[in-house]
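*Asks:* Sequence and computational prediction follow.
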Amino acid sequence: MLPTPAHPADATALTELREACARWQQQRGIDQWSPGELSLATFADQIDRRQWWVLRDGHTVQAAVRLLDEDPHIWPEEPAGGALYVHGLMADRTRAGRGTGGRLLTWAEERARERGLHTVRLDCVAHNHALRSYYEHRGYLRRATHDFGPDSALHPVMRYEKPLDPR
């Protein structure tokens, strides 16, 4: 099963999946996402820009990932076109332990290679040690902490990148 582009009708499913993941994280004291952070309109706009890819079980969205060609908010010093940026990686909790997230990351890396890119970049809240360990175990290298400044409500994030071997 390979990811397919999200359709406009998937906006509700993506919003609900993100909300469920955020609630699950909060219940476990994981400071990554918060309920209500992303609206249905935000997902709809991002789907229209062809940024979301989904894994389906029949007609049901089971997992998703957002891919960007640039990320000036987190990587302002990096020019567009040099890497593929991964955001919003999420899977239905009923799929926990099945390697779904890892398969989506591997797929994103292959997609970057197909486009002639040599790097995949992503980030997570800097003090989310479990997620940091997960990314490091998958070969992502720590690059730097990005702080959004004293007036921002956003937590600092740890930036990661994975150099890709051409195949």
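*Replies:* Cool, the structure landed.

*Asks:* longest single helix anywhere in this protein?
*Replies:* If you go by DSSP state H, the chain has its longest helix at helix 11-27.

*Asks:* Contacts for it, please.
*Replies:* 6, 31-40, 43-44, 47, 52, 54, 60-61, 63-64, 88, 90-93 (Cβ atoms under 8 Å, 6 or more residues apart in numbering). For every residue, glycine as well, the C-beta is placed using N, CA and C.

*Asks:* Now which of the residues you listed would you call buried?
*Replies:* 6, 32-33, 38, 43-44, 47, 52, 54, 61, 63-64, 88, 90-92 (16 or more other Cβ atoms under 10 Å).

*Asks:* re earlier: so which of the contacts of helix 11-27 belong to helices?
*Replies:* Counting by DSSP H, those contribute 40, 43-44, 47 to helices.

*Asks:* possible to save those as TSV with distance to residue 102 and pLDDT?
*Replies:* Shown next, in TSV, are those (distance: Cβ to Cβ, whole Å; pLDDT from 0 to 100):
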residue	distance to residue 102	pLDDT
40	28	93
43	24	96
44	28	97
47	24	98
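
*Asks:* now, among these, which is nearest to residue 160?
*Replies:* residue 43 (24.1 Å; Cβ to Cβ).

*Asks:* how far away is the closest one from residue 7?
*Replies:* Per Cβ to Cβ, to the nearest Å, residue 43 is found 11 Å from residue 7.

*Asks:* show me the contacts for the most centrally placed residue in the chain.
*Replies:* By Cα atoms, centre = their mean, the chain has its centre lying nearest to residue 87, at 2.4 Å. When contacts are counted by Cβ under 8 Å, 6+ apart, residue 87 touches 65-68, 71, 122.

*Asks:* before we move on, back to that, quick check: the farthest pair among the buried ones among the contacts of helix 11-27?
*Replies:* Among the buried ones among the contacts of helix 11-27, 32 and 44 lie farthest apart (Cβ to Cβ), at 22.8 Å.

*Asks:* For residue 131, grab the count of nearby residues.
*Replies:* Using other Cβ atoms under 10 Å, residue 131 has 19 other residues around it.

*Asks:* Could you pull up the residues touching residue 134?
*Replies:* Here residue 134 is in contact with residue 101 (Cβ under 8 Å, 6+ apart).

*Asks:* CA atoms only: put the longest helix of the chain into PDB for me.
*Replies:* C-alpha atoms of helix 11-27 as PDB (Å, rounded to 0.1, in the frame of the first residue of the first chain):
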ATOM      1  CA  ALA A  11      -9.900  17.400   4.800                       C
ATOM      2  CA  THR A  12     -12.300  16.200   7.500                       C
ATOM      3  CA  ALA A  13     -10.500  12.900   8.000                       C
ATOM      4  CA  LEU A  14      -7.100  14.600   8.300                       C
ATOM      5  CA  THR A  15      -8.500  17.100  10.800                       C
ATOM      6  CA  GLU A  16     -10.000  14.300  12.900                       C
ATOM      7  CA  LEU A  17      -6.800  12.200  12.700                       C
ATOM      8  CA  ARG A  18      -4.600  15.200  13.800                       C
ATOM      9  CA  GLU A  19      -7.000  15.900  16.700                       C
ATOM     10  CA  ALA A  20      -6.900  12.300  17.800                       C
ATOM     11  CA  CYS A  21      -3.100  12.200  17.700                       C
ATOM     12  CA  ALA A  22      -2.900  15.500  19.600                       C
ATOM     13  CA  ARG A  23      -5.300  14.300  22.300                       C
ATOM     14  CA  TRP A  24      -3.300  11.000  22.600                       C
ATOM     15  CA  GLN A  25      -0.100  13.000  23.000                       C
ATOM     16  CA  GLN A  26      -1.600  15.200  25.600                       C
ATOM     17  CA  GLN A  27      -3.000  12.300  27.600                       C
END
